[in-house]
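Visitor: Any chance you could fold what I've pasted below:
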Amino acid sequence: MTIKEDGQDLRDTGLGEIELDRRLSQTWSTPAGVWGALSTVDHKIIGRRYIVTAFVFLALGGLLAMAMRLQLSEPEARFIGPDRYNQIFTMHGTNMMFLFAVPVMEAMAVYLVPLMVGTRNIAFPRLNAFSYWMYLAGGLLLWIAFAVDTGPDVGWFAYVPLSGPQYAAGKRADIWAQMITFTEVSALAVAVEIVVTVFKQRAPGMSLDRIPLFVWSMLVTSFLIIMAMPAIMIASSALILDRLVGTHFFNPAEGGDVLLWQHLFWFFGHPEVYIIFLPAVGMVSTIVATFTRRPVFGYLAMVMALVATGVLAFGLWVHHMFVAGLPRLGESFFTASSMAIAIPAGLQIFCWLATMWAGRPVFKTPFLFVIGFMVIFVIGGMTGVMVASVPFDTQVHDTYFVVAHFHYVLVGGAVFPLLGAIYYWFPKITGRMMSERLGRWAFGLIFTGFNLTFFPMHILGLQGMPRRIYTYQPEMPWSALNMFVSLSAVILAAGFLLFFIDAIRSAVSGAAAPDNPWDASTLEWSTSSPPPSYNFSRLPVVSSLAPLSEKSETLPVASGLSVDRRELIVSSVVEALPEARESSPDNSIWPLWSALATTVLLIWSIFTPWAVVWGSIPVSIALIGWFWPKGTPEDDS
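Guide: Modelled structure (predicted):
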């Protein structure tokens, strides 16, 4: 709702900077103590929680990977039994895909997008708080189940009928399916917030052709999430109904279809690759522009490539099903689509190279991770074109060649840019600098260890080593390479350990960071590091793609917003012309209560379908408390 002028409302016009900051701090700050921490709706606090939680899950997933490499380092090893190994490889894939890769990209957006578009908070801030609590609950459900030997053991893809009631007794598959509900509700909520923030809360003057490329990447990613993730939620809900209620969605004997699961899962699963990759593209564009001291070459081409990738991502899912017996004509279509999506990716690579060629590169740690990304992602892209071919994919399907390929694409295409982004935006988030020396060591160890670990897996796959095996016979020709891969994984782990040590040490006692240590040109660097609770004392006015690179020493600003209640500017979608002043919700405990009530319902429903009936009562009470009119503009939003 738009706040009307009432003659009582103090505006920021005419106030001195000290008095303005004091009043805005009172209005936008989070109260100290446990209550404030649980009720905050500040996007920066929630974004930091998302980032830290996601990296905790990364560390846990890495430990699982090291356990698998220990088991496979020699033939007929007995370090881990087959049942526990099945849980470990399922947990590793599920953890990395659903608890790390997608959430950490959205976490960066939750923190950065409002700052980059020049607004004071994310759209629907209470929904943002709710999304984090749901994400945390889903992760805890998965890992507590694993700790008590009830972790899922059906693979991160949970193919039926192996995950159905006939073959997967107990609650392991149910926990996997319900964890999907937690994480996808969280992801969908954040996606909606990002779309509305970008379209309606941009700073005055930030027209569509002045949006930073990272913001464009998150906008396209959010639309992918909104359109793709309902498919996996439908699939997991149908699986739960088959297992707990006795439906037959995936039971061929009763008219169901096991291939329906694969179509639903991979209709989500392949866009998910680009849900992970596209934010990384935005990170790379931002870092390249900053450390080459010039705008990215071909801005319009880069935006069109992002959009094209998002569209083409929905035409690839069947290339995961080339050995499922589908019609050859359909397979040919998906082969063509799988190869065509390499075109926008290649265009982006060439735009970055052109930017570097015409710029003056400064080889700081964030830029080193970007260069490592380009090398590794090109290799992953080449093997991607290979597995897009039906004859070749038929030969290497379910071998370690595929394991090598998707790690080159996902780790090379997402984790390397993410690590570069952490080094780049760490001073903005914490107000402290990470160590350049330790950063270079971490990059060297991670880059070397990654290639020594995963490149030989291509050879193992061509030699016929299958995926998802917990041991192998001594006469198979895989022993030497597996030992080499396992030893190389230690180098990779050492690099990540050094990264974590550097991040923790720097957050506690790192050198104080100036407001703009990289001399960057995007809006998040126009405020202090770390930013105040209200982000900007007066909202910036944008007149170019790189507002901080203008010759003027001061950035034009807009005034007229309230200082004694939370207000934002609502702008037009295309030109970002100011249209109204909108209230922003205040801190509230109800998102937490709503998440707790929903958590109880979802976990309870694993054991009885009646939980949906009785569990809806506390959920309804929490939602009524959340939306009950409070008599103030902030709480009525």
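Visitor: can we go C-alpha only for contacts and neighbour counts from here?
Guide: Will do.
Visitor: hey, where'd the helices end up in the stretch 101-250 of the chain?
Guide: 102-117, 125-147, 172-200, 213-244 (DSSP state H, counting those that start in this stretch).
Visitor: Pick the most deeply packed of those helices.
Guide: Highest mean neighbour count of the helices of the stretch 101-250 of the chain: helix 102-117, a mean of 25 (counted as mean count of other C-alpha atoms under 10 Å).
Visitor: what comes into contact with it?
Guide: Applying C-alpha atoms under 8 Å, 6 or more residues apart in numbering, the external contacts of helix 102-117 come out as 43-48, 50-51, 54-55, 120-122, 187, 190-191, 194, 197-198, 201-203, 206, 211-212, 215, 218, 272, 275-276, 279-280, 522-524, 535.
Visitor: re the thing from before, adding mean pLDDT as columns, could you present the helices of the stretch 101-250 of the chain in a markdown table?
Guide: Supplementary listing: these in a markdown table, determined by pLDDT from 0 to 100:
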| stretch | mean pLDDT |
| --- | --- |
| helix 102-117 | 96 |
| helix 125-147 | 96 |
| helix 172-200 | 95 |
| helix 213-244 | 94 |
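Visitor: among the ones you listed, which is nearest residue 68?
Guide: With C-alpha to C-alpha as the criterion, residue 68 lies closest to helix 125-147 of the helices of the stretch 101-250 of the chain, at 15.3 Å.
Visitor: what's the closest of the helices of the stretch 101-250 of the chain to residue 502?
Guide: helix 102-117 (18.8 Å).
Visitor: between the closest one and helix 125-147, how big is the angle?
Guide: Angle, helix 102-117 to helix 125-147, by axes from the mean of the first three to the mean of the last three C-alpha atoms, to 10 degrees: 160 degrees.
Visitor: rewinding a little: just put the helices of the stretch 101-250 of the chain in a markdown table and tack on distance to residue 500.
Guide: Listed next are these as a markdown table, based on distance: least, C-alpha to C-alpha, whole Å:
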| stretch | distance to residue 500 |
| --- | --- |
| helix 102-117 | 15 |
| helix 125-147 | 20 |
| helix 172-200 | 25 |
| helix 213-244 | 24 |
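Visitor: for these, which one sits closest to residue 340?
Guide: Across the helices of the stretch 101-250 of the chain, closest to residue 340 is helix 213-244 (C-alpha to C-alpha), at 18.1 Å.
Visitor: tell me which helix or strand of the chain sits lowest on mean pLDDT?
Guide: Each helix and strand of the chain was given a mean pLDDT (mean pLDDT, DSSP states H and E); the minimum falls on strand 557-558 at a mean of 81.
Visitor: Quick one: mean pLDDT for stretch 349-357?
Guide: Averaged across stretch 349-357, the pLDDT comes to 95.
Visitor: Can you give me the buried ones in that stretch?
Guide: For stretch 349-357, burial by neighbour count (16 or more other C-alpha atoms under 10 Å) applies to 349, 351, 352, 353, 355, 356.
Visitor: So what touches it?
Guide: Stretch 349-357 is contacted from outside by 285, 288, 289, 292, 294, 295, 296, 297, 298, 302, 374, using C-alpha under 8 Å, 6+ apart.
Visitor: Looking at those, which is nearest residue 268?
Guide: Nearest to residue 268, judged by C-alpha to C-alpha, of the contacts of stretch 349-357 is residue 302 at 24.2 Å.
Visitor: quick one, what contacts that closest one?
Guide: 213, 347, 348, 351 are the contacts of residue 302 under C-alpha under 8 Å, 6+ apart.
Visitor: ok so, going back, what is the least confident helix or strand of the chain packed up against?
Guide: Under the contact criterion of 3 or more C-alpha pairs under 8 Å, 6 or more residues apart in numbering; DSSP states H and E, strand 557-558 touches strand 539-540.
Visitor: element containing the nearest residue to residue 388 once chain neighbours are set aside, please.
Guide: Distances taken as C-alpha to C-alpha, 6 or more residues apart in numbering put residue 335 closest to residue 388, at 5.3 Å, once the chain neighbours are dropped. Following DSSP states H and E, the helix or strand that holds residue 335 is helix 328-340.
Visitor: And that helix, what does it pack against?
Guide: helix 390-396.
Visitor: Try it again at 6 Å.
Guide: Under the contact criterion of 3 or more C-alpha pairs under 6 Å, 6 or more residues apart in numbering; DSSP states H and E, helix 328-340 touches no helix or strand at all.
Visitor: tell me which residues in it are buried?
Guide: Buried, per 16+ other C-alpha under 10 Å, within helix 328-340: 331, 332, 334, 335, 337, 338, 339, 340.
Visitor: avg pLDDT for it?
Guide: The average pLDDT within helix 328-340 is 85.
Visitor: Now residue 605: phi and psi?
Guide: Taking degrees, to the nearest 10, you get phi -70, psi -10 for the backbone angles of residue 605.
Visitor: Which pLDDT does the model give it?
Guide: In this model, residue 605 carries a pLDDT of 93.
Visitor: show me what contacts it?
Guide: residue 611 (C-alpha atoms under 6 Å, 6 or more residues apart in numbering).
Visitor: Repeat the analysis, applying 10 Å as the threshold.
Guide: 174, 178, 240, 244, 599, 611, 612, 613, 614, 615 (C-alpha atoms under 10 Å, 6 or more residues apart in numbering).
Visitor: Over to residue 345?
Guide: Contacts of residue 345 (C-alpha under 10 Å, 6+ apart): 278, 281, 302, 305, 306, 308, 309, 377, 378, 381.
Visitor: now residue 557
Guide: Residue 557 touches 203, 204, 536, 537, 538, 539, 540, 541, 542, counting by C-alpha under 10 Å, 6+ apart.
Visitor: Three-state assignment for the last one, please.
Guide: Think residue 542. With DSSP: H, G, I helix; E, B strand; the rest coil as the basis, residue 542 sits in coil.
Visitor: distance of the closest residue to it other than its chain neighbours from residue 411?
Guide: Closest residue in space to residue 542, ignoring its immediate chain neighbours: residue 205 at 4.8 Å, by C-alpha to C-alpha, 6+ apart. To residue 411, residue 205 is 37 Å away according to C-alpha to C-alpha, to the nearest Å.
Visitor: cool, and residue 152?
Guide: Relative to residue 411, and taking C-alpha to C-alpha, residue 152 is found at 23 Å.
Visitor: Please apply the same query to residue 239.
Guide: 30 Å.
Visitor: What angle do helix 213-244 and the longest helix along the chain make with each other?
Guide: Assignment by DSSP state H gives helix 258-292 as the longest helix of the chain. Here helix 258-292 points in a direction 160 degrees away from that of helix 213-244 (the same axes, to 10 degrees).
Visitor: Pull out the buried positions in the helix or strand following helix 258-292.
Guide: Next in sequence after helix 258-292, counting helices and strands by DSSP H and E, comes helix 299-312. Within helix 299-312, the residues that qualify as buried are 299, 302, 303, 304, 305, 306, 307, 308, 309, 310, 312, counting by 16+ other C-alpha under 10 Å.
Visitor: Which member of these is positioned nearest residue 604?
Guide: residue 310 (36.6 Å).
Visitor: Would you agree the closest one is in contact with residue 278?
Guide: Yes: using C-alpha atoms under 10 Å, residue 310 is in contact with residue 278, at 8.4 Å.
Visitor: between the two, what contacts are shared?
Guide: Contacts common to residue 310 and residue 278, judged by C-alpha under 10 Å, 6+ apart, are 217, 220, 221.
Visitor: residue contacts, the last one?
Guide: Contacts were defined as C-alpha under 10 Å, 6+ apart; by that measure residue 221 touches 102, 105-106, 191, 194-195, 215, 227, 271-272, 274-279, 306-307, 309-310.
Visitor: Quick check, residue 558 in contact with residue 568.
Guide: No: judged on C-alpha under 10 Å, residue 558 makes no contact with residue 568 at a distance of 11.3 Å.
Visitor: which one is residue 186 nearest to, not counting chain neighbours?
Guide: Here the residue nearest residue 186, using C-alpha to C-alpha, 6+ apart, is residue 131, at 4.3 Å.
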